[in-house]
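> build the 3D model from these lines:
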Amino acid sequence: MKKLSRKEEELMQVIWDLDKAFVKDAIEHLPDPKPHYNTIATLMKRLEEKGYLAHHEYGGSYEYYPIVGKENYKDTFMKKVLNTFFDNSYLNMLAYFAKEEKIDAEQMKELVKMIEKDKK
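Next up, the predicted model:
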């Protein structure tokens, strides 16, 4: 699975949320300033070439839909981050967020509760 650019990820988020989209549909859901139609059409074609999208054709218009799920994409690249930056250790990753004050003690307790609940 190839890593996506920031713009490609932003567009995939829209398509994942919509389940399927024509270029004009995707543009409507992107933040302002709205990109040009041709820019989004090119990005969608590129995403299809990379294996993230496929399309149905309706009289010359393409309706794109994801063939790589959001969870699959997230899992693949989170595992890469975990391996590359945290020696494949979730503990190291959590320690990083705690050290950088991105997560506080209360949030850590909540995380433990979530983990314990999932184990039941």
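> every contact and neighbour count from this point should use C-alpha atoms.
Noted.
> and residue 67, what is it in contact with?
51-54 (C-alpha atoms under 8 Å, 6 or more residues apart in numbering).
> surely residue 37 and residue 26 touch.
No. In this structure residue 37 lies outside contact range of residue 26 using C-alpha atoms under 8 Å: 9.6 Å.
> please identify which of these two sits among more neighbours.
residue 26 (21 against 12; other C-alpha atoms under 10 Å).
> could you report the pLDDT at that one?
Model confidence at residue 26, expressed as pLDDT, equals 97.
> quick check, it in contact with residue 14.
Yes. Counting by C-alpha under 8 Å, residue 26 sits close enough to residue 14 to count as a contact (6.4 Å).
> okay, now the unreliable bits of the protein?
Flagging of the chain using pLDDT under 70 yields the residue ranges 120.
> so where do the strands sit in the protein?
In the chain, the strands defined using DSSP state E lie at 53-58, 61-66.
> in the last one, what counts as buried?
If you call a residue buried by 16 or more other C-alpha atoms under 10 Å, then strand 61-66 has these buried ones: 62-66.
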